[in-house]
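Participant: Got a sequence here, can you model it:
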Amino acid sequence: MGWKSLDVILVTGDTYVDSPYIGVAVIGKVLLDAGYRVGIIAQPDIAGDRDIRRLGEPALFWGVTSGCMDSVISNYTATGKKRRQDDLTGGGVNNRRPDLAVIAYSNLVRRYFKKTRPIVLGGMEASLRRISHYHYPSDSIRRSILFDAKADILVYGMGERTILELAKRIQDKQPITDVRGICYIAAEKKEGYIELPPHADAAADPAAFIRMFKGFYGNNDPITANGLCQRQDSRYLIHNPPQLPLTPAELDRVHELGYERDVHPYYASWGPVRALETIRFSLTTHRGCYGECHFCAISVHQGRTVIDRTEASLLREATTLTARPEFKGTIQDVGGPTANMYGIECRRKNKKGACRRKRCLTPKVCDKLTVDHSRQIVLLRKLRKLPGVKKVFIGSGIRHDLVLQDADHGLEYLEEIIRHHISGQLKLAPEHSENEILELMGKPAIEGFIEFKRRFETINRRLKKKQFLTCYFIAAYPGCTLEHMGRLNRFSREVLKFRPRQVQIFTPSPSTPATLMYTTGKSYDAGKPLFVEKNNRRKEKQKGKVLDDISG
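Facilitator: Down below sits the predicted model:
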């Protein structure tokens with residue numbers, strides 16, 4: 001590049017893959033596009049200074065992330081076993097990402113660069129651990145990771161706009177305390193901000209933790225949220241309101257910044273990165289999810305408002321894929337957090353923010369949400385017609401309740417994807433068969449899934465196709481007993497007529513309503529006592545109950 005020094009150095013817990021699916025690559029490209037000199041250090045050795053000193057010291061700030069996932073979830077299974085495989089590490093062996101990586105990397109920077117430039121945390125781990133939160137391995141409530149990392153600023157959510165504003169403020173030596181989408185540490189609480197229960201109270205008293213979490217969770221919408229503050233030891237965490245989402249045009253630009261869609265040559269010698277197999281020739285159509293499943297962190301990180309890319313941008317990106325020599329004619333995925341939310345959003349929400357006391361999809365689809373799959377149908381048809389494209393798959397999951405809600409285009413969409421866009425199987429996530437557990441999950445009642453299955457099979461018979469549903473289920477969810485899993489087994493035998501292969505044990509990830517229920521033993525909405533299975537052997541037994549042979 002002809003540079004003698006850097007403005008920003010980004011440190012990540014993943015192997016460096018230059019892709020719009022990789023957060024650190026996106027932030028690096030956005031800063032580079034704005035004129036900043038950016039370097040990236042991936043998976044540095046924390047035992048010494050060889051890696052962290054490689055690029056010198058930045059002029060503006062260090063950006064630190066654990067990678068695409070929370071490092072604890074990357075490193076451990078739901079029952080606390082160390083994961084052997086890591087799809088975002090070269091060679092696939094899980095031996096390069098430390099636990100609580102943003103803390104480890106921040107300490108690494110501080111060890112070898114005394115009184116250095118500001119350290120800015122970002123990514124999923126920082127976002128989900130920005131407030132007092134439940135830490136599964138220690139079965140305890142930890143304080144904000146900003147304090148434990150001894151960093152200066154935390155960027156939460158999807159940080160493109162926030163990081164550009166921060167870079168400009170730091171460069172111009174201007175205050176950063178009013179930048180949206182950040183947390184920082186202060187000696188005093190901030191006037192006009194809602195004060196949450198102190199960390200010491202939240203850590204010691206489940207009732208205080210519930211009040212704290214609901215105050216935090218209820219202030220995540222960029223239009224309606226208030227600023228928050230929370231006493232953590234002798235100082236305060238200041239939590240500014242969320243950043244406003246990108247416009248479709250801005251999101252288009254982010255995804256068209258000339259990504260290599262490959263592993264950086266420096267790290268390629270470590271071995272293949274398995275995650276690249278599924279993202280190299282895929283398209284992200286939108287950002288955000290209004291499903292708000294209680295076990296999912298997307299609404300806390302990406303937000304409850306869906307922002308679509310334009311059709312023109314997606315077709316341009318697809319055309320660049322076809323020009324790559326490795327492209328064999330298959331676009332592996334066209335989707336987002338939920339594939340069939342593209343082109344569907346509530347107009348009221350875009351102006352007034354997400355409803356505080358009403359959910360978009362449960363207990364039923366809101367009548368203010370106009371569900372219309374026609375935009376995605378048109379997009380898929382145009383992608384199929386591009387020169388060089390032989391097949392376009394939907395690898396992301398879909399919401400069956402949205403398909404059923406769309407009286408005009410729902411069945412047309414279903415037939416379209418059955419004809420052209422699935423490879424023998426369609427991914428669905430009913431998650432359970434029992435409505436009392438589904439309600440605790442924030443998922444729709446099982447009757448809708450049964451109706452969708454009936455229509456899916458009817459269309460397949462008419463088209464003379466042999467295609468199937470792949471169903472995902474969760475065991476040991478808060479409120480779920482061995483008896484519930486036995487009923488799910490019977491549901492598999494009598495309704496699905498196959499044994500589910502995709503059954504995972506519930507993992508308490510930070511800052512989700514499900515984890516609050518796991519921690520406190522109380523339902524999220526009603527506050528009623530819940531059975532919570534915390535014994536690992538009995539969790540495995542719940543999972544095994546569904547995987548039992550259903551032939552008899």
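
Participant: shaky segments in this protein?
Facilitator: Scanning the chain for pLDDT under 70 picks out the ranges 548-552.

Participant: most centrally placed residue in the protein?
Facilitator: Nearest residue to the geometric centre of the chain (C-alpha atoms, centre = their mean): Ile298, 4.4 Å.

Participant: That residue reaches Arg287, doesn't it?
Facilitator: No - using C-beta atoms under 8 Å, Ile298 is not in contact with Arg287; the gap is 9.5 Å. Quick note: C-beta positions are derived from backbone N, CA and C, even for glycine.

Participant: Pull out the buried residues from the helix or strand harbouring Leu469.
Facilitator: Leu469 belongs to strand 468-475 when assigned by DSSP states H and E. Buried positions in strand 468-475, judged by neighbour count with 16 or more other C-beta atoms under 10 Å: Leu469, Thr470, Cys471, Phe473, Ile474, Ala475.

Participant: Same list (the residues you listed) but as JSON lines, adding distance to Glu457.
Facilitator: As requested, these are exported to JSON lines (distance: C-beta to C-beta, whole Å):
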{"residue": "Leu469", "distance to Glu457": "9"}
{"residue": "Thr470", "distance to Glu457": "14"}
{"residue": "Cys471", "distance to Glu457": "14"}
{"residue": "Phe473", "distance to Glu457": "20"}
{"residue": "Ile474", "distance to Glu457": "24"}
{"residue": "Ala475", "distance to Glu457": "26"}
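
Participant: from these, which is closest to Val120?
Facilitator: Closest approach to Val120 among the buried residues of strand 468-475 (C-beta to C-beta): Ile474, at 34.4 Å.

Participant: and the gap between that closest one and Pro137?
Facilitator: Ile474 is 20 Å from Pro137, where distance means C-beta to C-beta, to the nearest Å.

Participant: Ok, Asn350 next?
Facilitator: For Asn350, the distance to Pro137 equals 40 Å [C-beta to C-beta].

Participant: what sits in contact with each of Ile298 and Arg287?
Facilitator: Pro337 (C-beta atoms under 8 Å, 6 or more residues apart in numbering).

Participant: before we move on, the earlier item: outside of the strand holding Leu469, which residues touch it?
Facilitator: 295, 397, 424-432, 441, 453, 456, 480, 485, 488, 496, 498, 500-506, 539, 542-543, 545-546.

Participant: next SSE after that strand?
Facilitator: That would be, after strand 468-475 and using DSSP H and E, helix 482-491.

Participant: now for that following helix, which elements pack on it?
Facilitator: Applying 3 or more C-beta pairs under 8 Å, 6 or more residues apart in numbering; DSSP states H and E, we find helix 482-491 packed against helix 536-547.

Participant: Packing partners of the helix it packs on?
Facilitator: So helix 536-547, by 3+ C-beta pairs under 8 Å, 6+ apart, packs with strand 468-475, helix 482-491, strand 502-505.

Participant: Of all those, which one comes closest to Phe147?
Facilitator: Among the helices and strands packed on helix 536-547, if distance is taken as C-beta to C-beta, the winner is strand 502-505, at 30.4 Å.

Participant: and the closest one, what other elements does it pack with?
Facilitator: Taking 3+ C-beta pairs under 8 Å, 6+ apart as the contact cut, strand 502-505 packs with strand 468-475, helix 536-547.

Participant: Output the ones you listed as JSON lines; include the columns distance to Gly181.
Facilitator: Shown next, in JSON lines, are the helices and strands packed on strand 502-505 (distance: least, C-beta to C-beta, whole Å):
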{"stretch": "strand 468-475", "distance to Gly181": "31"}
{"stretch": "helix 536-547", "distance to Gly181": "36"}
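
Participant: quick one: what helix or strand has Leu440 in it?
Facilitator: Applying DSSP H and E, one finds Leu440 within helix 435-441.
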